[in-house]
Every structure is written in structure tokens, then in C-alpha cells.
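Enquirer: Predicted coordinates and the sequence they were generated for:
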Amino acid sequence: MSKKILVVSDNHGNRSNLKIVLEEWGDKVDAVVHCGDSEFDPQFVKSMVDVPVYLAQGNCDFGFSEPDDIFEFEGHTCYVTHGHRYGANWGEEELVERALEMGADILIYGHTHVPVYHEYEEERVTLLNPGSVALPRQYPPEPTFLILEFHEDGNVEPHFYSIS
């Protein structure tokens with residue numbers, strides 16, 4: 001049976017969209033990742049679900065003890081960052097370098113408000129961005145989030161969803 005992680009980012013104080021996603025998916029996943037710019041206390045998301053929560057501090061967040069998070073999940077090392085400190089707006093090179101530096105094969109980030117799924121086969125790194133659950137910048141501009149499904153064979157499958 002596969003395991004799942006819910007990934008959200010960049011709600012920028014929008015409690016209602018974040019709550020919609022957490023209420024719908026919070027009991028269907030094995031962990032939650034927030035990639036930053038929640039503009040809430042770091043404990044806020046943790047108080048809404050009963051699974052492990054991994055957080056990154058966005059450029060609009062305060063009160064975090066660590067800016068990024070790293071964790072092991074189903075044989076993968078996942079690194080969570082907001083992305084602003086690694087040039088996410090200008091490309092993915094620094095993000096890939098950071099993943100390799102941290103020994104991560106999956107790097108999850110936010111900041112750009114645009115959903116991303118890129119596999120870098122040579123580096124053996126996958127970059128993922130759920131987009132923004134509140135302030136999307138892709139076309140069409142739909143608030144998005146991500147479910148990462150970890151299969152028993154080691155494959156990881158991203159599923160992007162929008163809030164209707």
C-alpha cells in the first residue's frame with residue numbers, strides 16, 4: 001500500500017483555503033509539508049492535523065527555529081525549503097545544488113506560486129513545488145496543492161490538485 005504526503009505552500013494568511021485542503025486531505029495522508037509563507041505561527045498547521053508536519057520558513061514568516069526541514073520518508077530523503085534563498089525565481093540550479101549538498105533525492109519548495117515537477121536524472125534529484133494554495137501565478141490561475149504518493153517499489157508519483 002502506498003503512503004502519501006500532502007504538500008501546500010504560500011497561503012499568505014489565507015486561512016480558508018488552507019483549511020479546506022487540510023480538512024479534505026489531513027486524515028488521508030501520512031504527513032503534511034508546508035513550504036512557507038503561511039504567515040501563521042509555525043504551530044498552526046501542526047494543530048490542524050494528526051500526522052507529522054514538516055515546515056519551511058518563507059520570506060514572509062517569522063518565529064521559526066529552523067528555516068528549512070529535512071526528513072526521511074519511505075526510503076527517500078526529502079528536503080523542504082521555501083526557495084527564496086536558493087534563487088527559485090531565477091531557475092533551479094541552486095535548488096538542485098542544495099538538494100545534493102543535503103543528501104536529498106527530493107527537494108520540495110514554494111515561493112514561485114507555480115506548480116513544478118522536474119526530475120534531474122543525472123543528479124538523481126526531483127524538484128517539486130505545489131504552487132500556491134491562495135495566490136496562484138500560473139495560467140489558468142487556480143489555487144493548487146500536491147499529493148506525493150510513495151509506492152512500495154520506491155517510485156514517487158506527484159498528483160497536483162486545484163481548489164474549485
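Expert: Cool, the structure landed. Numbering: from 1, shown residues only.
Enquirer: how about the helices in the chain?
Expert: 15-25, 43-48, 93-102 (DSSP state H).
Enquirer: Indicate which one of the ones you listed is closest to residue 153.
Expert: helix 93-102 (21.9 Å; Cβ to Cβ). From N, CA and C alone the C-beta is placed, and that goes for glycine too.
Enquirer: residues in contact with the closest one?
Expert: With contact meaning Cβ atoms under 8 Å, 6 or more residues apart in numbering, helix 93-102 is reached by 70, 77, 79, 81, 83, 86-88, 105-107, 109, 120, 123, 125, 127.
Enquirer: Work out the gap between the one helix or strand in the chain whose mean pLDDT sits lowest and the centre of the chain.
Expert: In the chain, no helix or strand scores lower on mean pLDDT, DSSP states H and E than helix 43-48, which sits at a mean of 93. Relative to its chain's centre, helix 43-48 lies at 15 Å (Cα atoms, centre = their mean, to the nearest Å).
Enquirer: Which strands or helices does it pack on?
Expert: helix 15-25, strand 53-55 (3 or more Cβ pairs under 8 Å, 6 or more residues apart in numbering; DSSP states H and E).
Enquirer: Next, the buried residues of stretch 132-147.
Expert: 132, 133, 134, 135, 136, 143, 144, 145, 146, 147 (16 or more other Cβ atoms under 10 Å).
Enquirer: Among those, which lie within strands?
Expert: In this view, those that belong to strands under DSSP state E are 144, 145, 146, 147.
Enquirer: what residue ranges in this structure score low on pLDDT?
Expert: Nowhere does the chain drop to pLDDT under 70.
Enquirer: ok, residue 61 touching residue 38?
Expert: Yes. Residue 61 is in contact with residue 38 according to Cβ atoms under 8 Å; the separation is 6.3 Å.
Enquirer: end-to-end on stretch 80-95?
Expert: Distance across stretch 80-95, first residue to last, is 11 Å (Cα to Cα, to the nearest Å).
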